[in-house]
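How does the following fold in three dimensions:
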Amino acid sequence: MPLVVDTFVMGPYQSNCYVVRSERGATEAVVVDPGDDPTSLRLELARIGARTAGILVTHTDVDHIGGVAALADGTGAEVWAPAREADALRNGETRSGMRVAPHDPAHTVEGGDEILVGGIAFEVLDVPGHSAGHVAFLHDGRLFAGDLLFAGSVGRVDLPGGDWDTFLASVRMLAERLPPETIVYPGHGPATTLGRELESNPFLRELRAERSNFDNPAA
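As a prediction, this is how the structure comes out:
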């Protein structure tokens, strides 16, 4: 049975927070990237009769962790955060210079880890580029990708820890590992598919050229 994924757009940066359940009516919910005051989110979870079973963090920019401490402290839910960026959450200091309420995550994760949260098994993938320790969470053809890849765009790489070549390597890895029909749930904007972005995203022309050269090598 496919996941139930509900999207909540949060805060002035309009970042996506996802509420993920194993099925409609499930009483345990996994919250991905609560980026701002989670009060309305908690009210909605109460309305549907679900509790926060765990919180997943793709990266520690202010618009993705702004509500982590309040949600975790208010619900008792444990947090899974990228190992290479966990100190930012612990200290409440983001790379933009903006501060958030600090929280010490119960778990740190990196690529290759497999975690079970709210009855849902996720594989953790390392996808640096937008930030140095960025991770994504994969379950059954659904990728919670943070600010790596958007519909028609990509995450910025000009902040500390960002790097364009590293970003391209992360997308290249996804293209090699995952089928094109993989649904991408980005940190901003609508959901898309990996195949659609590989075919038409204007920022991925370089990867398309690589793939074309591989498929049609010079005689």
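
helices or strands next to whichever helix or strand L168 is part of in the packing?
Secondary-structure assignment from DSSP states H and E places L168 in helix 164-177. Under the contact criterion of 3 or more Cβ pairs under 8 Å, 6 or more residues apart in numbering; DSSP states H and E, helix 164-177 touches strand 120-126, helix 194-200, helix 205-215. C-betas here are computed from N, CA, C, even on glycine.

and that helix, C-alpha only, in CSV?
Provided in CSV are the C-alpha atoms of helix 164-177 (Å, rounded to 0.1, in the frame of the first residue of the first chain):
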residue,chain,number,x,y,z
TRP,A,164,28.0,22.7,-7.8
ASP,A,165,30.1,19.7,-8.8
THR,A,166,29.1,17.9,-5.7
PHE,A,167,25.5,18.7,-6.4
LEU,A,168,25.8,17.2,-9.9
ALA,A,169,27.4,14.1,-8.5
SER,A,170,24.5,13.6,-6.1
VAL,A,171,21.9,13.9,-8.9
ARG,A,172,24.0,11.6,-11.1
MET,A,173,24.0,9.0,-8.3
LEU,A,174,20.2,9.3,-8.1
ALA,A,175,19.8,8.9,-11.8
GLU,A,176,22.0,5.8,-11.8
ARG,A,177,20.3,4.2,-8.7
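
What is the burial count for the nearest residue to A151 once chain neighbours are set aside?
Distances taken as Cβ to Cβ, 6 or more residues apart in numbering place T192 nearest to A151, at 4.0 Å, with adjacent residues excluded. The local packing of T192 (other Cβ atoms under 10 Å) involves 21 other residues.

returning to what we had before: each with direction, which strands does the helix or strand that the helix holding L168 is followed by pair with?
On the C-terminal side of helix 164-177, the closest following helix or strand by DSSP H and E is strand 183-186. Under the criterion DSSP bridges, strand 183-186 sits next to strand 142-146 (parallel), strand 192-193 (antiparallel) in its sheet.

re the thing from before, quick one: residues contacting the residue nearest to A151.
Residues touching T192, when contacts are defined by Cβ atoms under 8 Å, 6 or more residues apart in numbering, comprise 149-152, 183-184, 186.

from the residues you listed, which two are the most distant?
By the measure Cβ to Cβ, G152 and I183 form the most distant pair in the contacts of T192, at 15.5 Å.

And the pLDDT for the spatially most central residue of the chain?
With the centre of the chain defined as its mean C-alpha position, the nearest residue by Cα atoms, centre = their mean is G146, 3.0 Å away. Model confidence at G146, expressed as pLDDT, equals 98.

in the protein, which spans are strands?
With DSSP state E, the ranges of strands along the chain come out as 4-10, 15-21, 28-32, 51-56, 79-82, 107-109, 114-117, 120-126, 135-139, 142-146, 149-150, 153-154, 183-186, 192-193.

Figure out which of these is closest to A169.
Each of the strands of the chain was checked against A169 via Cβ to Cβ, and the shortest separation belongs to strand 120-126, namely 10.1 Å.
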